[in-house]
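Visitor: Predicted model and sequence follow; I will ask about them next.
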Amino acid sequence: MTTIHLAALVPLLPFLAAVAGLLVGRTAPGFVRPLAVLPALAALALAIAVAVDQSGGRAVEAHTQLTPTGSVPIELALYIDGFAALVAVLVAFVATCVQIYSTGYLRDDPRYPSYAALVSLFTSAMLLVVYSGDLIVLLVGWEVMGICSYFLVGHYWEIPEARAASVKAFLVTKLGDVPFLIGLFALATDAGSFRITTILDTVAGGGLHHPTLVGLLLLCGVAGKSAQFPLHTWLPDAMAGPTPVSALIHAATMVAAGVYFIARLLPVFEASAAVMVVLAVMGAVTMVGSALAALAQDDIKRVLAYSTIGQLGYMTGALAVGDRGAAVFHLLSHGAFKALLFLAAGVVIHAAGTNSLAVMSRTSGLRRRIPDAYWTMTVALLALAAIPPFSGFFSKESVLGAAEHAATGHTAHAPGSAGWIVLVAGLATALLTAAYATRLWLLAFRGRGTEAPDHGRQPLSMTVVLWVLAVPSLAFGGFAYRSLPGWFDGRDLTPTLTTSVLGTGLALVGGLLTYGAWTHTRTQAAAAPLGAVAAHPEADAALVEAEAIAAHAPAFGDIAYAPDPADPARLLLGPLRRHAAEGFHLDAVYDALFVRPVLAAAGLVQFLDREVVDTYVRGAAAAPRLLGAAVRRAQTGNVQTYVSALLAGTVVLAVAVLLVATGA
């Protein structure tokens, strides 16, 4: 079997698993878990086989016309280079881990069959995006992921916050997809094809007529899908979904799609210096703003959500300085440790019975209750903070090194201003990332107060996955930065000495400052009462119920969380903390600029429809009704009335004739 045939099976197997799961999930529940796990494992094995066959060499491609269009052809095409082969392995690996983890995490969820089928479909759609060689086929996977995210984020549809989050995720991403679609058509019009190879050849030959306009339109879709400023607000709210879904979205699908799209079509964006500067500014604002917001969050999953936004900012920053190797390297590294962070957070949430770091900080012994989650999450947080020798250090420093090269004029792929923007923002974010990672670890695992509840051992399917993901989080970076250049067009991914020293030094400073602030505020607040905190009566229920209760406790009306006076963010951020906790009020800005005007316009339309259109319709109906009533009154059935009317009419006619004759 050729590489192309193997590659075609990689997205096909999860798709068939999704179809089978939806068809037999209710009638044959015993097949649900095998249908969820085995096709994902098979897809992972095939993706690895494809990567081994490709081996970073010449791209493997095949195509056939999908349908005659009469103009720009649409082709079912596969295009697998080193980037695609490795990203597909990441997607299949994380999806397999999520499916295995979910068999234990959602073991008592009555909607698990549909959940597992949607995760399989989600995986298939992302693999289609990765392997596709035609932009229209890529767009199909792009949009299918949007539908899957809508259903999976709203999995707990009984809870209003989950329903609102799913709608928000769908609408905000669609807001970016509209100009994205226009940009795809404009790009294909210039190239005369939707084939990626043809488009890249057109760009290389200078055949792209409007590179700035096309690049900016495409960036709108990327900003929505990859949660970049200013279309990032949906991602923190998407934490209303189950934790395994968060791991899948943040580590390997959905948000990775936008970064991967730019990496695949990077020459299109490099054709315009203005687009590269815009991309650099977008990445810089995203990484710094999201890091500040993460430092102020109380919900553990929202901390990780803002963290993902910031790490995606690093990736877009690397792309803005023309180094897709560094961007995809960080995408692969981040996929491993961010999946681990979310899955470990799911265990922490269940053990603590809450998402709130303020409550966890008042709980002692949590790390003894869940040692697997404690140790693996510590590894992942060190990788996130880019502490050597963990994987995040190598990939993040590769991004900073690429920015340094661009800033000092050692690359022709991007303007120097883009390099300086990314470099300064990246160094600032390195300090902030270490700060919020340290804060999360301290508040979650170094609390003191009441003893953590004992919910028993976690299912083996969950703990095994945590340790499996811990391996690449620890060792991937050191191995990869030496072996990956062959897969990434031979580009050197070795971190530079300057950025390594600066980045690591700032990370250590951020961690130490946070630890010092935590020690100081904890000493001052030692006697402060926790406030009204009560466990929900169902806190010892199944994992899915415990998380749903913890994630949306205010909706139940019997849990209230007091602010934590020992939170180091109070000292580190000062008056900025309140604004950072609200995401710098960007949702309020959108509400003022878009939501309220749309609602006002809808109210005006409703008024016009009710008071003008309906009045006209009612009037049009009333006139015939009144005329009919008048005619009906004339039909009395009384002969004398008819004769009297006839005589009266005769007299009137006679008088009229007489008057006419006299006048004549």
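Guide: Okay, I see it.
Visitor: shaky segments in the stretch 1-150 of the chain?
Guide: Residues of the stretch 1-150 of the chain that meet the criterion pLDDT under 70 lie in 1.
Visitor: can you give me the helices for it?
Guide: Defined through DSSP state H, counting those that start in this stretch, the helices belonging to the stretch 1-150 of the chain, from first to last, are 3-24, 32-54, 82-105, 112-131, 135-153.
Visitor: Residue 39 versus the closest residue in space to residue 572 that isn't next to it in sequence, what's the distance?
Guide: Closest residue to residue 572 in three dimensions, ignoring its sequence neighbours and counting by C-beta to C-beta, 6 or more residues apart in numbering: residue 517, at 5.3 Å. Every residue, glycine included, has its C-beta placed from N, CA and C. When distance is defined by C-beta to C-beta, to the nearest Å, residue 517 is 48 Å away from residue 39.
Visitor: More neighbours: which of these two?
Guide: Between residue 517 and residue 39, counted using other C-beta atoms under 10 Å, residue 39 has the larger neighbour count: 26 against 22.
Visitor: how far is the helix or strand where residue 504 lies from where the chain is centred?
Guide: With elements delineated by DSSP states H and E, residue 504 resides in helix 497-524, which encompasses its position. Centroid separation between helix 497-524 and its chain, computed with C-alpha atoms, centre = their mean, to the nearest Å, is 29 Å.
Visitor: May I see the buried residues of it?
Guide: Of the residues in helix 497-524, those with enough neighbours to count as buried (16 or more other C-beta atoms under 10 Å) are 499-500, 502-504, 506-507, 510-511, 513-515, 517-518, 521-522.
Visitor: Tell me which other helices or strands the helix ranked longest in the chain touches.
Guide: Of all the segments assigned as helix in the chain under DSSP state H, the longest by residue count is helix 160-191. Applying 3 or more C-beta pairs under 8 Å, 6 or more residues apart in numbering; DSSP states H and E, one finds that helix 160-191 makes contact with helix 135-153, helix 196-204, helix 211-225, helix 234-237.
Visitor: In terms of secondary structure, what does the second one contact?
Guide: To tie it back to what came earlier, the one meant is helix 196-204. For helix 196-204, the elements it packs on are strand 74-80, helix 160-191, helix 266-270, judged by 3+ C-beta pairs under 8 Å, 6+ apart.
Visitor: Point out where this structure drops to low pLDDT.
Guide: By pLDDT under 70, the low-scoring segments of the chain are 1, 455-456, 477-494, 525-565, 664.
Visitor: Kindly export stretch 67-76 (C-alpha atoms) in CSV.
Guide: Below are the C-alpha coordinates for stretch 67-76, written out as CSV (Å, rounded to 0.1, in the frame of the first residue of the first chain):
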residue,chain,number,x,y,z
THR,A,67,-16.4,18.0,-9.7
PRO,A,68,-16.5,20.1,-12.9
THR,A,69,-17.1,23.7,-12.1
GLY,A,70,-16.7,25.4,-15.5
SER,A,71,-14.2,27.8,-14.1
VAL,A,72,-11.8,27.3,-11.2
PRO,A,73,-11.5,23.5,-10.7
ILE,A,74,-12.1,21.9,-7.3
GLU,A,75,-9.9,18.8,-6.7
LEU,A,76,-9.7,16.1,-4.1
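Visitor: Report the buried residues of it.
Guide: Applying a neighbour-count criterion of 16+ other C-beta under 10 Å, the buried positions in stretch 67-76 are 73, 74, 75, 76.
Visitor: Just put the helices of the stretch 1-150 of the chain in JSON lines and tack on distance to residue 437.
Guide: Output for these, formatted as JSON lines (distance: least, C-beta to C-beta, whole Å):
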{"stretch": "helix 3-24", "distance to residue 437": "32"}
{"stretch": "helix 32-54", "distance to residue 437": "29"}
{"stretch": "helix 82-105", "distance to residue 437": "20"}
{"stretch": "helix 112-131", "distance to residue 437": "27"}
{"stretch": "helix 135-153", "distance to residue 437": "25"}
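Visitor: State the distance from residue 61 to residue 236.
Guide: 39 Å.
Visitor: residue contacts, the closest residue in space to residue 251 that isn't next to it in sequence?
Guide: Beyond its immediate neighbours in the sequence, the residue positioned closest to residue 251 (C-beta to C-beta, 6+ apart) is residue 339, lying 3.7 Å away. Residue 339 makes contacts with 94, 97, 98, 247, 248, 250, 251, 252, 469, as judged by C-beta atoms under 8 Å, 6 or more residues apart in numbering.
Visitor: most surrounded residue in those residues?
Guide: Each of the contacts of residue 339 was scored for neighbours by other C-beta under 10 Å, and residue 252 scores highest at 33 neighbours.
Visitor: mind checking how far that one is from residue 171?
Guide: When C-beta to C-beta is applied, the distance between residue 252 and residue 171 equals 23 Å.
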